[in-house]
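Colleague: Need coordinates for the following:
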Amino acid sequence: MPSSERPNVMVILCDDLGFSDIGCFGGEIPTPAVDGLAERGVRMTQFYNTARCSPSRASLLTGLHPHQTGIGILTADDRPAGYAGTLSEDCVTIAEVLRDAGYGTYMAGKWHVSGHTGRIDETWPLGRGFERFFGTCNGGGSYYWPATLAEDDAFLSYDDRPDDFYFTDAITARTQRYVREHVRDRPHDPFFCYVAYTAPHWPLHAPEELVAAQAGRYDEGWDVVRERRRERQREGGWFGTSFEAAPRDPEVPPWDEAPDREWQARCMEVYAAQVARMDEGIGHILETLRETGTEENTLVLFLSDNGGSAEVIPVGRNRLPFPRRTPDGRPIEIGNTPQTRPGAEETFVSYGKAWANVSNTPFREYKHWVHEGGIATPLVARWPARLPPGRLVHDAHQLPDIMATVLEVTGAHYPLTRAGTPVQAPEGASMLGGWTGQAAAAGRYLFWEHEGNAACRRDDWKLVKRYPGAWELYDLRTDRAELRDLALERREIVRELADAYQAWSVRVGVIPPEVWRPLYERE
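Modeller: Residues are numbered from 1 along each chain as shown. Model prediction:
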């Protein structure tokens, strides 16, 4: 299609955001920008990530399952027993495909698909199809100055840090600059922007004026907040008339029995401030699209890389990404303890399992696991030129489908080779038909694996296990929260899905935990 007709594409990825944290998915955190995207576009109630940050990014960028890209766990090089930890040479990114199709390609935020954090090389964004880059290669770090912060092909110096630097705001500002400069310099070419916020991944970092806006919001505790989110979801009718939410995690105490409630509420206030500031930034980016006249023909996607994180930061832990000191030498208070008030640069705290349980309402489990709480993401798509406003889509899709969708909407051709090396064929199916009202085809299999946690879905049946446990079977049509295990009653479906999973795992190169786990146990 002519350049003037091809849509711009913007993918906005946030980090460790739970299914219900956004207002249009049940949350109380103020998110008017993303809610506005939903009002003018499509909300997907059954879109899935891969349960962990690096694998999700690898899958989104390449249209493959993460194991096929060399990033089955994180970015450590565990060869020969484990994964390479860096995007392989026999896969291509969306940026590479669209750059070759004449698009301008820009990225701001978290890369985290290269193990080469000490040097900038061909495994960083400029070596994988992006023309401009601002961000970090690391998985998690300070919002006040993250490690490996770079622009294009050079690391940035802390000595040049502006006094008001906040990484979320910097990602927003760079994205706005890239859009404006592209429209000015290449007015006849479309663009692709990958906006990879680190919010709301730990540490809980937000300037005090942002936290103050959330003051008191969580004083009633996690039980009340979770029930209110459930009720908004019930009113929305997203899960059918027989919807039943998972109960509070059995390891989480009732709020009125929880210790240090003032500190616990403070943790969630900072988390909410991180989300709200990200949403404010998204609003600024969308305003830039309006100002530059590109809003109407820009496909904007918003999603999260995994479910809410139940990770608790131990006190005093000294392993990356837990630095001992700020870049200018001040000691950092590390760990989830009431003696450490989160928010400031000198702290390194997470919000813990109880609030992650709230973030993942109405599901159970968390980041790392492939039950619904670990892999269900809020996904919003807006494209004013093509998509109807306010549509709820219940089709089941997963990350490889983003590449397939981008290929369809842009008309770009997926290559057979990359720098002379044959590339793997994409795994996904386009979502455009479902977004525009076409019925989804029945019988498609979806698969997940992360650290031995595994799942296979076909239509409404989902087979899932938490490693090293046994397979569980759920009918997601009536039991999206995975509360009634039907494995003993429907053994024939268990066999069918288990066989399909086994064939898939061999084909895509899943490495069993029994092979790579001894590497970590020796550390």
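Colleague: Please point out which parts of the helix of greatest length in the chain sit buried.
Modeller: Assignment by DSSP state H gives helix 261-291 as the longest helix of the chain. Across helix 261-291, burial judged by 16 or more other CB atoms under 10 Å covers 261, 263-283, 285-286, 288-289. Backbone N, C-alpha and C define where each C-beta goes, glycine included.
Colleague: Please compute how far it lies from its chain's middle.
Modeller: 16 Å (CA atoms, centre = their mean, to the nearest Å).
Colleague: Quick one: list the elements packing against that helix.
Modeller: strand 8-14, helix 32-39, helix 167-185, helix 208-212, helix 222-236, strand 298-304, helix 352-359 (3 or more CB pairs under 8 Å, 6 or more residues apart in numbering; DSSP states H and E).
Colleague: Residue 391 against residue 40, yeah?
Modeller: No - taking contacts as CB atoms under 8 Å, residue 391 lies outside contact range of residue 40: 10.3 Å.
Colleague: Give me the most central residue, this protein.
Modeller: For the chain, the residue nearest the mean C-alpha position is residue 305 (1.4 Å; CA atoms, centre = their mean).
Colleague: can you tell me which residues contact residue 21?
Modeller: 27, 29, 31, 200, 275, 308, 359, 378 (CB atoms under 8 Å, 6 or more residues apart in numbering).
Colleague: quick check, the last one in a strand?
Modeller: Yes - inclusion of residue 378 in a strand is indicated when DSSP: H, G, I helix; E, B strand; the rest coil is applied.
Colleague: In contact with it, which residues?
Modeller: By CB under 8 Å, 6+ apart, residue 378 lies in contact with 17, 19-22, 24-25, 43, 47, 302-304.
Colleague: now swap in the third one and tell me
Modeller: Contacts of residue 31 were listed using CB under 8 Å, 6+ apart, and they are 21-24, 275-276, 279.
Colleague: go with 7 Å
Modeller: For residue 31, the contact set (CB atoms under 7 Å, 6 or more residues apart in numbering) comprises 22-23, 275-276, 279.
Colleague: Look at it and report its pLDDT.
Modeller: Here the pLDDT value assigned to residue 31 is 98.
Colleague: What of the fourth one?
Modeller: Looking at residue 200, its pLDDT is 98.
Colleague: okay, now the spatially closest residue to residue 186 that is not a sequence neighbour: neighbour count?
Modeller: Spatial nearest neighbour of residue 186, excluding adjacent residues (CB to CB, 6 or more residues apart in numbering): residue 104 at 5.6 Å. Per other CB atoms under 10 Å, the neighbour tally for residue 104 reads 22.
Colleague: My read is that residue 104 contacts residue 191, right?
Modeller: Yes - shown here, residue 104 and residue 191 form a contact pair, counting by CB atoms under 7 Å, at 4.2 Å.
Colleague: Okay, residue 178 and residue 160: tell me how far apart.
Modeller: 20 Å (CB to CB, to the nearest Å).
Colleague: neighbour count winner among these two?
Modeller: Neighbour count, other CB under 10 Å: between residue 178 and residue 160, residue 178 has more, with 24 against 7.
Colleague: Is residue 128 in contact with residue 97, as I believe?
Modeller: No - the criterion here is CB under 7 Å, and residue 128 misses it with residue 97 at 10.9 Å.
Colleague: secondary structure element for the residue nearest to residue 419 when sequence neighbours are not counted?
Modeller: Excluding the flanking residues, the one nearest residue 419 by CB to CB, 6+ apart is residue 89, at 7.2 Å. Using DSSP states H and E, residue 89 is not contained in any helix or strand.
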